[in-house]
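Colleague: I need the structure of the sequence given here:
(one chain, ligands or ions: 1)
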Amino acid sequence: MQPPRLLSLTLDVYRSPIGSSYGDSDPRSTSVETKVVRLASQRPNRYDAIVVGAGHNGLTAAAYLARAGLSTVVLERREIVGGACVTEQIAPGCRASTTSYIASMLRPEVIRDLRLADHGLRMVPCEPGLQVPFLDGEILPWWSDDRRTSEEIRRFSARDASTFLGVQRNLKKLARYLQPYFLEPPPDIHARGVGRAREALRAARRFRSISGEEIGQMVAFLTGSLGDYLDRNFESDRVKTLYLANNVYGKHGGPYQPGTAIGLLFHLLSGGEHEVQGFYGHVVGGMGSITAAMAAAARAFGADVLTSAPVARIDARGGTVTGVTLEDGTEIAAPLVMSGADPKRTFLGMVDKRDLPEDFRHDVEGIKMDGPCAKVNFVLSREPRPAAMPEDADPNRRSLFTLVSSLEFAERCYDTAKMGEIPSELWVDCVVASNVDDTLAAEGKHVMTSFVQYVPFHLREGTWDQMRDVLAGLVVSKVSEYVPGFADTIEAMQVVTPLDLERTYGLTEGNIFHGDLNPEQLFFMRPLPGWANYRTPLRGLYLCGAGAHPGGGVTGAPGFNAAHRALADRRKANKKRRGG
Ligand SMILES: Cc1cc2nc3c(=O)[nH]c(=O)nc-3n(C[C@H](O)[C@H](O)[C@H](O)COP(=O)(O)OP(=O)(O)OC[C@H]3O[C@@H](n4cnc5c(N)ncnc54)[C@H](O)[C@@H]3O)c2cc1C
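Modeller: Model prediction:
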C-alpha cells in the first residue's frame, strides 16, 4: 500500500509510548535489576495471594483481597501501574490518557469501597457525553438530559425527536435487567443439582418483572445489528450517526454485523460516583488517576504493588497453583494467583501447557482478539475547534467530538480493515481533555487524544512500524477536514499502533477488551463456556481481567467479581478443613 501524502512531515514527533505515570513516584528510576534485588532482599517471597498485572482490574482485585486480610502482592511487567488505564507523558510538560480516555462504566461500588475519592480520584461529567460535527457546519450533541437531546434532534426530524425519547426509555429499562449481572457472575449453565436450582432462582429473580415483549427485544439486541436497529427506528442519517458515535468501539465488526446492537444496552449501564445511567466522565489528571487511586487503595489495605516485575510463569503442582516465577528467576509462592492479563497471555503464555487440559488450551487459542483500533495523541499549540462548534460553546462542550460521517462510511471502513488494509479514511474520536483539566498540558498548550478505528491488527502488506506515519497522516487529514488549520498547530504527536497496544500495553493482538465483545464471547461464554466464574482448570488460579465477565472497559467489575469468587472459595475451603 502506498502511504498517502502526509499533511505535515516536519512534525516534531515525540514517539515515546512509555512515559512517566501520573501519581506514581518516578517509575523510570527503578530498573528491573534494582527492583528484583529489592524484591529478594526486602519483600517476602510468600504471600496469600499474587495478582499478575496492575491493570485497573488487577488492582481492584488486589485491593479487595488485601481488605479481606490476605497478604497480597501485585506484579506488573511495565514500569508503571495502570495497564490500559494510564496517564503518560507524551511531550515535555504534557501528559495524556494514552489508551483509555473516558470513564463511563467504572462501578460506583468500587469507587465507594476502595474510597477512590479519598485517594485523589476526581471526575468531571462530560456535557454533552458525545457530539458529532458534520462538514456542512451542523453539529449534533448528546446531552445527559434526553429532552435536551431530543430538541437538538428536532432540527433534523420531528419524528426522530419523539422516537428518541421512547427508544431511550426502552433501552434504559432493558439495561436495568442486565445491570445486576455486572457485579456478579453470569448464570452458571453448567451447575448441577442444588446449584442448578439456585442458579435458576437467581435468574428468575433478576428477570421476574420482564415482559414477553421485552424478552423479544432483548433477544433482538443480542442477535441484531446496530445498523438495522437504527434504520428501523430513525429516518435522519444524522441521528443514526449520533448513535453510531456512541457504539461499536473496539469491536471487530461493522455496525451492520449481527450482535452489534447489544452495545446500545451496555452504554446505559450506570457509572460514575452517582450511578447515572449512560454516564461519561473526564478524569482529572487523566485515566491514570483511576489506577493511581486504586494502587493507593490496595497499598492502604496492606498490599505490595511492584512494577518492572514481569511474570514469566505461573507455577503449579498436581493441578494446583503454587505461585509464580518472574522473568529474572525470582520465585514467589502463594496458594492463590489471579491473572489480570488477557486469557491468551495467561493460559498460553504463562501456564505450562502440561498444567492445562488440551481442549481448554485449544478453546483459548480460538478466542477472537484481532483488535481494530489505534490511538494518536497530540500536543497542540492551539485548541482544536471544529468549524461547526457554536461560538458560545463552553470548554466542557468543546472537549469532545467524534468524526464519523455515517453508518455506511463505518461499514465500508470496517470492510477494508477486515481485509488487512488501512482504510483511506478513518473514524476518529477526539477528546480535548485539556479544556476541562489544567493539570495535563503545559501553559498555552492543548492535549488531544484521538481514538481510531477501524484499522487491522494483521496488515496484508508491510508492518505497523512501517505504517506508523500512514496512520498519523490519515488521522491528521481527518481532523483537518473538520478543524481548520489543525496540522499547523501540532507540536508533538504520539502514535500508538495496534502493534504498540500489544507490545507496550500487553494487549494480545491489540484487543482493548482482552477478547472481542461479541455475543458468543459474552456472559456465560466469557472467557469460555464453563469457565465464566473466574476459576480456571488450575485450582487456585483465577482470571480477574477484562477477558472475564462482564468484559472490557474501565469498570473494575471483573476484578471485583474475581476477588469475591476467590474469597468465597477460600472461606469454603477453610470451613471444610476445619470440618464445618
Ligand atoms: C486505546 C484504548 C482506548 C480505550 N478507551 C476506553 C475508554 O475510553 N473507556 C473505557 O472504559 N475503556 C476504554 N478502553 C478499554 C479499557 O481500557 C480496557 O478494557 C481495560 O483498561 C482493561 O483493564 P484490565 O485491568 O482488565 O487489563 P489491562 O489494563 O490490560 O491490564 C493488564 C495488565 O497486566 C500486565 N501484564 C500482562 N502480562 C504480564 C506479565 N506477564 N507479568 C506482569 N504483568 C503483566 C499488563 O502490563 C497490564 O498492566 C480502551 C482501551 C484502549 C487500549
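Colleague: Apart from its chain neighbours, what residue comes closest to residue 548?
Modeller: residue 558 (4.3 Å; CB to CB, 6 or more residues apart in numbering). No exception for glycine: its C-beta is placed from N, CA and C like everyone else's.
Colleague: Could you list every helix and strand in contact with the helix or strand harbouring that neighbour?
Modeller: Using DSSP states H and E, residue 558 falls within helix 557-577. For helix 557-577, the helices and strands in contact under the criterion 3 or more CB pairs under 8 Å, 6 or more residues apart in numbering; DSSP states H and E are helix 56-67, helix 108-113, strand 336-339, strand 541-543.
Colleague: Now do it against helix 56-67, angle only.
Modeller: Using axes from the mean of the first three to the mean of the last three CA atoms, to 10 degrees, the direction of helix 557-577 lies 30 degrees away from that of helix 56-67.
Colleague: Run through who's touching helix 557-577.
Modeller: Contacts with helix 557-577, where a contact means CB atoms under 8 Å, 6 or more residues apart in numbering, come from 49, 56-62, 64-65, 68, 70, 105, 107, 109-110, 182-185, 336, 338, 340, 533-535, 542-551.
Colleague: which of the residues in it are buried?
Modeller: By 16 or more other CB atoms under 10 Å, the buried positions in helix 557-577 come out as 557-567, 569-570.
Colleague: Would you check which pair of these lies furthest apart?
Modeller: Greatest spacing in the buried residues of helix 557-577, by CB to CB: 557 and 570 (20.3 Å).
Colleague: what's the neighbour count on the residue of the stretch 151-300 of the chain found nearest the ligand?
Modeller: Residue of the stretch 151-300 of the chain nearest the ligand, by CB to the nearest ligand atom: residue 250 (6.4 Å). Number of residues near residue 250 (other CB atoms under 10 Å) recorded here: 19.
Colleague: List the contacts of residue 71.
Modeller: Counting by CB under 8 Å, 6+ apart, residue 71 makes contact with 44, 47, 48, 49, 302.
Colleague: change it to 10 Å
Modeller: Residue 71 makes contact with 44, 46, 47, 48, 49, 50, 65, 302, 303, 304, 334 under the criterion CB atoms under 10 Å, 6 or more residues apart in numbering.
Colleague: Out of these, which end up buried?
Modeller: Looks like the contacts of residue 71 have 47, 48, 49, 50, 65, 303, 304, 334 buried, using 16+ other CB under 10 Å.
Colleague: For those residues, give me TSV that also has distance to the ligand and pLDDT.
Modeller: Converted to TSV, the buried ones among the contacts of residue 71 look like this (distance: CB to the nearest ligand atom, whole Å; pLDDT from 0 to 100):
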residue	distance to the ligand	pLDDT
47	15	98
48	19	98
49	15	98
50	10	98
65	15	98
303	15	98
304	14	98
334	14	98
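Colleague: Would you reformat the residues you listed as TSV and include secondary structure and distance to residue 162?
Modeller: Formatted as TSV, those follow (DSSP: H, G, I helix; E, B strand; the rest coil; distance: CB to CB, whole Å):
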residue	secondary structure	distance to residue 162
47	coil	58
48	coil	57
49	strand	53
50	strand	55
65	helix	50
303	coil	52
304	strand	56
334	coil	58
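Colleague: Specify which member of these is nearest to residue 123.
Modeller: Nearest to residue 123 out of those is residue 303 (CB to CB; 24.1 Å).
Colleague: which parts of the protein sit against the ligand?
Modeller: 52-58, 75-78, 83-85, 99-102, 104-105, 310-311, 340-341, 345, 350, 373, 375, 451, 501, 506-507, 512-514, 545-546, 552-554 (CB under 6 Å from any ligand atom).
Colleague: switch the cut-off to 5 Å
Modeller: 53, 55-57, 76-78, 83-85, 99-102, 310-311, 340-341, 375, 506, 512-513, 545-546, 552-554 (CB under 5 Å from any ligand atom).
Colleague: you'd agree residue 100 is in a helix?
Modeller: No - counting by DSSP: H, G, I helix; E, B strand; the rest coil, one finds residue 100 to be coil, located in no helix.
Colleague: Quick check: phi and psi on the residue lying closest to residue 154 once chain neighbours are set aside?
Modeller: Leaving aside its sequence neighbours, residue 154 sits nearest to residue 161 (CB to CB, 6+ apart; 4.0 Å). Phi and psi for residue 161, reported as degrees, to the nearest 10, are phi -60, psi -40.
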